[in-house]
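Asker: With the input below, show me the fold.
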Amino acid sequence: MHLFGIWLASAALVFASATDEFVAAAKVRHGAVGEKAARFLVEHMSAADKESLSAEFLTNNLDLAFEARERFPWAKAVPEAIFLNDVLPYAVFDEPRDAWRADFLEKATPLVKDATTATEAVQALNQGFFKRINTHYHTGRKRTNQSPKESMAQGKATCTGLSILLVDACRAVGIPARAVGTPMWSNGRGNHTWVEIWDGDWHFTGADEYDAAGLDRGWFTGDAAKADANRAEHAIYATSWKRDGLAFPMVWAPGSTAVAGVNVTGRYAAATLAKHELGIRFFEGEERRALKGRLLSKDGAVVAEFETKAGTADLNDMPQMSVKPGERYRLSFEVEGKWRQTAEFTATAETETRDLRAANLEPMGIGAGL
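Answerer: Below is the predicted model:
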């Protein structure tokens with residue numbers, strides 16, 4: 001028992017030495033502002049990080065964050081509180097801790113060299129960074145909360161892994177960034193993670209989902225508008241380094257309070273008219289297939305035209321069309337140059353996703369849907 005007590009005291013001394021060394025180094029290198037940043041980082045670190053991370057790891061991370069703050073024009077204007085909470089942190093969720101800053105700074109700098117604002121820089125990163133690291137959406141990734149190194153080694157990640165990559169790339173060049181997500185869409189279609197960046201205010205974008213039209217756009221906006229701030233499972237949360245009592249609900253770690261969160265549902269939810277949507281996915285084997293399609297009324301008239309998604313598009317990124325509950329419809333698809341259709345079905349009063357395959361299709365009547 002006496003020896004065990006000595007071991008505990010020694011372990012505590014090693015921990016204290018590591019964090020004290022980090023804070024002291026930050027003060028020497030960056031003065032009072034550096035010391036304040038180091039203390040903030042340590043104060044809100046997870047218990048696991050306090051036990052495992054070295055002073056060298058923490059010091060390198062802080063040095064590079066301060067370098068980005070001085071180097072990029074948009075970074076200099078970031079308020080101190082946002083810099084500390086959304087640029088300085090070395091992690092997004094509970095992913096394994098990688099020393100990604102130097103590598104991402106090198107990779108991201110050429111992409112943002114012509115940008116003059118954080119928004120322009122984020123757009124450039126979202127358009128080019130994932131191509132540069134050759135990592136895109138794929139459900140065959142090994143796990144949800146992959147570190148940047150793990151995702152890049154596989155070349156695969158789903159929305160959470162891609163969001164971690166984009167948040168880290170933004171932080172590497174001094175752009176405040178955080179991950180945002182919901183444990184479950186209100187329509188029960190699943191969970192999702194995306195990214196917010198700060199440029200005078202918070203704006204959102206899907207990771208590896210560049211939109212030339214700008215930020216605050218995405219395939220998930222309709223679902224996000226139906227989020228419910230008063231129901232934890234259907235609310236929308238942003239990650240935070242500072243701990244104010246609320247935890248980010250990580251679906252891969254139910255009940256974990258390791259990552260702090262902020263309820264941001266109000267920024268997405270909107271009062272909308274009752275809208276019943278039909279989402280469409282087309283599969284060939286286990287992979288999705290991109291096909292031209294049409295929603296047909298019961299008399300064969302074309303109600304809407306669409307194209308199904310495949311490849312690196314998120315699994316829940318699909319064409320969605322408004323339908324009237326109780327009305328009869330068919331779906332038709334152009335397969336190998338010929339139009340084929342589903343059997344007639346009745347639209348339900350709930351948002352619905354239909355997963356289709358070639359076996360679900362039959363030849364179309366002459367002129368049907370054309």
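Asker: Show me the helices in this protein, by range?
Answerer: In the chain, the helices defined using DSSP state H lie at 2-43, 47-52, 55-71, 73-76, 80-86, 101-112, 118-133, 148-154, 159-172, 221-224.
Asker: which of these sits most buried?
Answerer: Highest mean neighbour count among the helices of the chain (mean count of other Cβ atoms under 10 Å): helix 159-172, with a mean of 28. All C-beta atoms are positioned from the backbone trio N, CA, C, and that covers glycine.
Asker: pLDDT averaged over that one - what is it?
Answerer: Taken as a whole, helix 159-172 carries a mean pLDDT of 98.
Asker: What helices and strands are in contact with it?
Answerer: helix 55-71, helix 101-112, helix 118-133, strand 136-137, helix 148-154, strand 177-182, strand 192-198 (3 or more Cβ pairs under 8 Å, 6 or more residues apart in numbering; DSSP states H and E).
Asker: R39: which of these is closest?
Answerer: Smallest distance to R39 across the helices and strands packed on helix 159-172 (Cβ to Cβ): 11.0 Å, for helix 55-71.
Asker: what's V323 in contact with, if anything?
Answerer: By Cβ atoms under 8 Å, 6 or more residues apart in numbering, the contact set of V323 is H276, E277, L278, L295, Y329, A347.
Asker: Pairing-wise in the sheet, spell out the partners of the fifth one.
Answerer: Right, Y329. Applying DSSP bridges to Y329 yields these beta-bridge partners: S297, F345.
Asker: cool, and the second one?
Answerer: Note on E277: beta-bridge partners S322, judged by DSSP bridges.
Asker: how deep is it tucked in, by neighbour count?
Answerer: Counted with other Cβ atoms under 10 Å, residues neighbouring E277 total 17.
Asker: between the contacts of V323, which is closest to G190?
Answerer: For the contacts of V323, the nearest to G190 is E277 (14.8 Å; Cβ to Cβ).
Asker: Now do the closest one against D201, distance only.
Answerer: From E277 across to D201, the span is 29 Å (Cβ to Cβ, to the nearest Å).
Asker: cool, and K27?
Answerer: 32 Å.
Asker: and if you look at H138?
Answerer: Counting by Cβ to Cβ, the gap from H138 to D201 is 33 Å.
Asker: got it, and A38?
Answerer: Per Cβ to Cβ, A38 is found 28 Å from D201.
Asker: Also I175?
Answerer: Distance, I175 to D201, by Cβ to Cβ: 13 Å.
Asker: Mind checking which of those two has more residues around it?
Answerer: Between I175 and D201, counted using other Cβ under 10 Å, I175 has the larger neighbour count: 29 against 8.
Asker: Lovely, talk soon.
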